[in-house]
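Engineer: Mind folding the following:
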Amino acid sequence: IDMAWFQTVIELPKHPRGFHWVTQHFSNIPELKNFKIGQMHIFLQHNDCSITLCESWDDSVTVDMETIFNRIVPDSMENTHQKQKKKSHSKKSAKMDDQNDEQKNDAHAPASQAIVPRAKNILIGNNVTIPIQNGKLSMGTWQGIWFGEHSNDAKARTCMVTINGIKS
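Structural biologist: Numbers count the residues shown, from 1 in each chain. Here you go, the predicted model:
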């Protein structure tokens with residue numbers, strides 16, 4: 001049995017806020033065809049976007065997913081977060097200053113707009129694992145890989161892709 005590992009970085013291009021079908025970025029990795037059986041693990045290296053599997057047949061999925069998550073984590077949550085942050089600032093000024101510095105260094109979301117994208121990331125997740133069968137991703141008939149961009153002005157996103165299994 002010829003067990004093998006392969007790892008690569010895939011950069012997803014800049015996307016507007018919302019959900020985007022990105023299956024082709026992963027199913028087109030040339031080395032995938034070399035695996036008879038195995039799994040592909042996709043790890044999104046960011047905290048303010050997400051990746052998941054979902055139905056891919058109907059184009060309305062993008063609107064449905066954005067609508068659902070905007071109801072669960074509304075943009076108005078930012079205002080509540082800012083008010084709470086101001087109250088607690090006087091009690092924990094040194095600790096909060098450190099956290100604010102970290103948020104200011106976040107290239108994808110300014111400190112005033114960070115909680116909503118990060119909350120959606122927590123709910124959806126930043127990784128998926130998909131079985132490989134005969135050199136192809138083995139998802140359900142209508143399933144696809146979806147990228148959720150939760151920030152308004154994000155840059156390109158980086159995914160670490162690891163494939164392991166038995167070679168053909």
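Engineer: need the helices for the chain, in chain order.
Structural biologist: 23-27, 61-72, 77-89, 93-104, 115-124 (DSSP state H).
Engineer: Could you give the bridge partners of the residue nearest in space to the middle of the chain?
Structural biologist: Central residue of the chain (C-alpha atoms, centre = their mean): S50, 2.1 Å from the mean position. Under DSSP bridges, the beta-bridge partners of S50 are G148.
Engineer: ok now do it, which residues does it touch?
Structural biologist: For S50, the contact set (C-beta atoms under 8 Å, 6 or more residues apart in numbering) comprises L44, K120, N121, L123, I124, G125, N126, F147, G148, H150. Backbone N, C-alpha and C define where each C-beta goes, glycine included.
Engineer: Out of those, give me the two with the largest separation.
Structural biologist: L123 and F147 (15.0 Å; C-beta to C-beta).
Engineer: Just want to know which of these two has more residues nearby.
Structural biologist: F147 (21 against 13; other C-beta atoms under 10 Å).
Engineer: if I look at the residue nearest to S27 when sequence neighbours are not counted, how far off is L44?
Structural biologist: The spatially closest residue to S27, leaving aside those adjacent along the chain, is L137, at 5.2 Å (C-beta to C-beta, 6 or more residues apart in numbering). Note on L137: its distance to L44, by C-beta to C-beta, to the nearest Å, is 17 Å.
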